[in-house]
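# Provided below for reference: sequence and predicted model.
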Amino acid sequence: MTAAQLIRNLQLIPHPEGGYFRQLYGNEPNQEKEKSVSTIYYLLENEQFSAFHRLSNIEIWYFHAGEPIFLYVIDEWGELIIHTLSLEGECQVVIYPNQWFAADIPSKKGFTLVGCAVVPAFTFDHFELADSQQLIQKFPQHQSLIMRLTI
């Protein structure tokens, strides 16, 4: 299956951080937001990337299919952790609230499909896209990565 077929079949739409997504479950009108969870499909292809951003929620990424993907996480002390999500690498990664993170396909070829579970449920009220200059000021040791993975 190609990326275009997955985008069409899964009804994915462009995400502001890059790539494509669809929230499958969560944020139904009758849910209590603090106790709910949401599940999301997320797809990157070729040279697309998920720009540095953070949530005030826990987000768990699950590998489904495609090329290996790097998930870059900067913790509150400035340590950079690079996770490889793939069938041969990690199949699940937990991102904790307020950690800055981004993702890309290191080979810049093909696509990667992941699933994300967000607790409490994802809303854009809990989402912050990084400002490259502010992030570089806080973590100058990661300047080249931040410049490469911000919009």
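Perfect, I can see it now. Computed from a predicted model, the values in this text were never measured in an experiment.

# how about the helix or strand bottoming out on mean pLDDT in the chain: buried residues?
Sorting the helices and strands of the chain by mean pLDDT, DSSP states H and E puts strand 20-25 at the bottom, at a mean of 90. When neighbours are counted by 16 or more other Cβ atoms under 10 Å, the buried residues of strand 20-25 are found to be 20-21, 23. Yep, even glycine has a C-beta here, placed from its N, CA and C like the rest.

# Show me what that strand pairs with in its sheet, parallel or antiparallel.
strand 13-14 (antiparallel), strand 38-45 (antiparallel) (DSSP bridges).

# Mean neighbour count added to these, as a markdown table?
Below are those laid out as a markdown table (neighbours: other Cβ atoms under 10 Å):
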| stretch | mean neighbour count |
| --- | --- |
| strand 13-14 | 10 |
| strand 38-45 | 21 |
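
# Least reliable of the ones you listed by average pLDDT, please.
The stretch with the lowest mean pLDDT among the strands paired with strand 20-25 is strand 38-45, at a mean of 94.

# Isn't residue 121 up against residue 40?
No: counting by Cβ atoms under 8 Å, no contact exists between residue 121 and residue 40, whose distance comes to 9.9 Å.

# Could you list the low-pLDDT ranges of this structure?
Scanning the chain for pLDDT under 70 picks out 27-35.

# hmm, try it at 90
1, 23-39, 89, 119-126 (pLDDT under 90).

# in this structure, which spans are helices?
Using DSSP state H, the helices of the chain run over 3-9, 132-138, 143-148.

# Residue 2: what's its closest spatial neighbour, skipping adjacent residues?
residue 111 (7.6 Å; Cβ to Cβ, 6 or more residues apart in numbering).

# right, I mislabeled it, should have said residue 23
Residue 23's closest residue in space is residue 40 (Cβ to Cβ, 6+ apart), at 5.2 Å.

# what pairs with that neighbour across the strands?
Beta-bridge pairing for residue 40 (DSSP bridges): residue 23, residue 116.
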